[in-house]
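K.L.:
Structure of the sequence below:
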Amino acid sequence: MKTVLITGANRSIGFETAKQLSAKGLFVYLGSRNLENGEKAVNELNQQGFQNIKAIEIDVTNSESILKAKNIIENENGRLDILINNAGILGIIPQTATEGSVENIRDVFETNFFGVINVTQSFLDLLKKSDSPRISNITSGLGSLTLHSDPTWKYYHVKNAAYGPSKSALNAYTIVLAYELRELPFKVNVIDPGYTATDFNGHNGPGSVESAASFIIKHTLTDDNAPTGKYYSNDIEDKIGISPW
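P.N.:
As a prediction, this is how the structure comes out:
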């Protein structure tokens, strides 16, 4: 049975992704910054008939918490097949470039960028023990510099100085990570689940968590011939869904 760790999975898209992966027969470590919230989420899924899920406490901004989670998974399984870096924060809004708080920008980057790096590097040795390791970094369309520079883009006026740039940085890191792991059986991609109605954005957005999770899984459970180092978006209306950087 393949194992997957999803950070920030106690609600919204992460929760639904855990649910759908469990239904596909994977063992899911449902990551939550607060263990109690994670266990509540697992209990809810258990009541719906999903049993191969375990809550695991992991705060992506805390190295000790990450190491503790890594040790648990290593002791129980010896390897990790899939890492989905889903945990993220929006930060305090508005986020203007001229007056936005530097502290707020740092906080957003700490979770959305540096947290992903810390988790990825910490779990890399367990992923290398898998026959088909996958790393999916959950990004946003707001991380695309190309789209943000296009006045005809439907979200052109949705600008901020913290959240979007943190995802642009994540995208750039993923390109380098995929390149460095290119000779190994890794598939490393950034995946934008699309503008989805969740707790994260006050339930705005036309997309559903079901569609968002399905899209993440589509580009995570890939075969050996699948591409790596790509930027997929559920808001791109074509068969492949590749977004411009």
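
K.L.:
Please report how far the residue nearest to the spatial centre of the chain lies from residue 173.
P.N.:
Geometric centre of the chain, nearest residue: residue 86, 2.5 Å, by C-alpha atoms, centre = their mean. In this view, residue 86 and residue 173 are 16 Å apart by C-beta to C-beta, to the nearest Å. The C-beta positions use only the backbone N, C-alpha and C, and glycine is treated the same way.

K.L.:
for this structure, what spans make up the strands?
P.N.:
3-6, 27-32, 53-57, 82-85, 134-138, 187-192, 231-233 (DSSP state E).

K.L.:
For residue 23, which residues are in contact?
P.N.:
Applying C-beta atoms under 8 Å, 6 or more residues apart in numbering to residue 23 gives the contacts residue 50.

K.L.:
Go ahead and name everything in contact with the biggest helix by length in the chain.
P.N.:
For the chain, the helix with the greatest residue count under DSSP state H is helix 163-180. Helix 163-180 has contacts (C-beta under 8 Å, 6+ apart) with 90-91, 95, 105, 108-109, 111-113, 116-117, 120, 135, 137, 139-140, 142-145, 148, 158, 186, 188-190, 228-229, 231, 245.

K.L.:
Now with 6 Å, please.
P.N.:
If you take C-beta atoms under 6 Å, 6 or more residues apart in numbering as the criterion, helix 163-180 is touched by 90-91, 108-109, 112-113, 116, 137, 139-140, 142-143, 145, 188, 190, 228-229.

K.L.:
Likewise for stretch 35-45?
P.N.:
10, 15, 19, 30, 32, 53, 55, 57.

K.L.:
What about these, which one has the most neighbours?
P.N.:
residue 30 (29 neighbours; other C-beta atoms under 10 Å).

K.L.:
Now do the nearest residue to residue 241 once chain neighbours are set aside against residue 171, distance only.
P.N.:
Closest residue to residue 241 apart from its sequence neighbours, by C-beta to C-beta, 6 or more residues apart in numbering: residue 232 at 5.0 Å. Distance, residue 232 to residue 171, using C-beta to C-beta: 11 Å.

K.L.:
Nothing else from me, thank you.
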